[in-house]
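Visitor: fold the stuff below for me.
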Amino acid sequence: MMGVSRSGYYKWLNRKPTKRDINREQMVALVAQVHEKHRTHGYRWTAAYICINTPYIISDNYAYKCFKYLGIRSESRHQPKRYRRKEKDKYPNLIFSTWETVDRPRQVIVSDMTAFKYLYYYFEVTFYFDVFTKEMLTFQVAERRGSRDQYINGLADIIGLIPIDGEPTVIHTDQGSVYSSMAYNDLIKEANVVRSMSRAGKPTDNPVNESLNGWIKEELLIDFQIERCRSRDDFKSIMQTYQKYYNHQRPCYAINYNTPDGYRRKYENGFLPVLDTFKNRELTQEPKFVKKRRQLSNKQQDINSVYF
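Guide: A predicted model of the protein is given here:
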């Protein structure tokens, strides 16, 4: 029978599972459990989550094999946004494509709003994020479309977190009507804050918010099933739970799969290098990916001129 004796075949068939077999089954079950709870994420994120939040260690490659064995993959309902071009910029853009030069917590804070509309319920959530640590510093919820209270209340929370002296904090937003309003910007007159705005119709000016907002909405809809909420209090309660999870448990790719809270503590305890890159940044309106393509093109032209 294919070069295997009958007695050898039955010995293999009736063998006791080894410790390795048991560990493999446990890890596959753990991967399945994490994916069931966080279906928006792929195998790399799942591996990082397991390493941070359980006593087990799993490699990206092993997590990939578990995903393949289970026949699972990340789920997504994210839809691209359409942006309308405006004419006038109220505040200058102090960042452009220099996001990677941010070198400490509370140096640059970004804000944006996203809406949840399901059945006959409608909620707007305004977020404020720390660009360096990716922490969700605060959020505010409103039930009325176009309400400005959640923006202003969120800004008041942020002002309470900002040091009153030293290098001012940059608060960067898009050109939404509330962010441009006098009521919003009057709050920062006495605070250690400077304002920065994306150019009108240029979502690439704020890639941090675009990326975070997309993932957060996916997780809230799919993993936290926020559409089950039937009141503002229920919605806010889920948001509070999510904020704790986001800051303390959720691995973030942009900070090498650390949690935002863990990354900030690493900086505060001296485990991250102290850089001085932000104040020496070179502002340019050219998007980063365009600059890279141009540099590659110039390099290729130089090579061609040498050999041809």
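Visitor: report the contact partners of Gly154.
Guide: 111, 126-128, 138-140 (C-beta atoms under 8 Å, 6 or more residues apart in numbering). (Glycine included, C-beta is placed from N, CA and C.)
Visitor: now do Ser180
Guide: Ser180 touches 90-91, 197, counting by C-beta under 8 Å, 6+ apart.
Visitor: element containing Leu30?
Guide: Secondary-structure element containing Leu30, defined by DSSP states H and E: helix 19-37.
Visitor: run through who's touching that helix.
Guide: Applying C-beta under 8 Å, 6+ apart, the contact partners of helix 19-37 are 17, 41, 43, 46, 49-50, 54, 56, 58, 62-63, 66-67, 69-70, 72, 223.
Visitor: pull out the buried positions in it.
Guide: 24, 27-28, 30-32, 34-35 (16 or more other C-beta atoms under 10 Å).
Visitor: ok, those vs His248, which is closest?
Guide: The nearest member of those to His248, counting by C-beta to C-beta, is Val34 at 16.1 Å.
Visitor: could you measure from that closest one over to Asp157?
Guide: Shown here: Val34 relative to Asp157, a distance of 32 Å by C-beta to C-beta, to the nearest Å.
Visitor: with Pro273 instead?
Guide: Pro273 is 30 Å from Asp157, where distance means C-beta to C-beta.
Visitor: more crowded one of the two?
Guide: Asp157 (14 against 7; other C-beta atoms under 10 Å).
Visitor: how about that one, what does it touch?
Guide: 128, 137-138, 140.
Visitor: could you give the bridge partners of Met122?
Guide: One thing to correct before we go on: residue 122 is Tyr, not Met. Tyr122 forms beta bridges with Lys117, as assigned by DSSP bridges.
Visitor: you'd agree it is up against Gly146?
Guide: No. In this structure Tyr122 lies outside contact range of Gly146 using C-beta atoms under 8 Å: 10.8 Å.
Visitor: can you redo the contacts of Gly154 as JSON lines with secondary structure and pLDDT?
Guide: Below are the contacts of Gly154 laid out as JSON lines (DSSP: H, G, I helix; E, B strand; the rest coil; pLDDT from 0 to 100):
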{"residue": "Ser111", "secondary structure": "strand", "pLDDT": "93"}
{"residue": "Thr126", "secondary structure": "strand", "pLDDT": "94"}
{"residue": "Phe127", "secondary structure": "strand", "pLDDT": "94"}
{"residue": "Tyr128", "secondary structure": "strand", "pLDDT": "96"}
{"residue": "Thr138", "secondary structure": "strand", "pLDDT": "97"}
{"residue": "Phe139", "secondary structure": "strand", "pLDDT": "96"}
{"residue": "Gln140", "secondary structure": "strand", "pLDDT": "96"}
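Visitor: name the SS class of Asp276, please.
Guide: The three-state label given to Asp276 by DSSP: H, G, I helix; E, B strand; the rest coil is coil.
Visitor: got a pLDDT number for it?
Guide: Looking at Asp276, its pLDDT reads 88.
Visitor: identify the residues contacting stretch 216-223?
Guide: Residues outside stretch 216-223 that contact it (C-beta under 8 Å, 6+ apart): 37-41, 75-78, 114, 116, 127, 226-227, 238-239, 242, 246.
Visitor: average pLDDT for it?
Guide: Taken as a whole, stretch 216-223 carries a mean pLDDT of 92.
Visitor: equivalent analysis for stretch 26-38, please.
Guide: Mean per-residue pLDDT for stretch 26-38: 92.
Visitor: starting at the chain centroid, how far to that stretch?
Guide: 22 Å (C-alpha atoms, centre = their mean, to the nearest Å).
Visitor: dump the C-alpha coordinates for it into PDB.
Guide: Provided in PDB are the C-alpha atoms of stretch 26-38 (Å, rounded to 0.1, in the frame of the first residue of the first chain):
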ATOM      1  CA  GLN A  26      -4.600  25.500  20.600                       C
ATOM      2  CA  MET A  27      -3.000  28.200  18.400                       C
ATOM      3  CA  VAL A  28      -5.300  27.600  15.500                       C
ATOM      4  CA  ALA A  29      -8.300  27.900  17.900                       C
ATOM      5  CA  LEU A  30      -6.800  31.100  19.400                       C
ATOM      6  CA  VAL A  31      -6.300  32.700  16.000                       C
ATOM      7  CA  ALA A  32      -9.900  31.800  15.100                       C
ATOM      8  CA  GLN A  33     -11.100  33.300  18.400                       C
ATOM      9  CA  VAL A  34      -9.300  36.600  17.800                       C
ATOM     10  CA  HIS A  35     -10.500  36.800  14.200                       C
ATOM     11  CA  GLU A  36     -14.100  36.200  15.200                       C
ATOM     12  CA  LYS A  37     -13.900  39.200  17.500                       C
ATOM     13  CA  HIS A  38     -11.800  41.400  15.200                       C
END
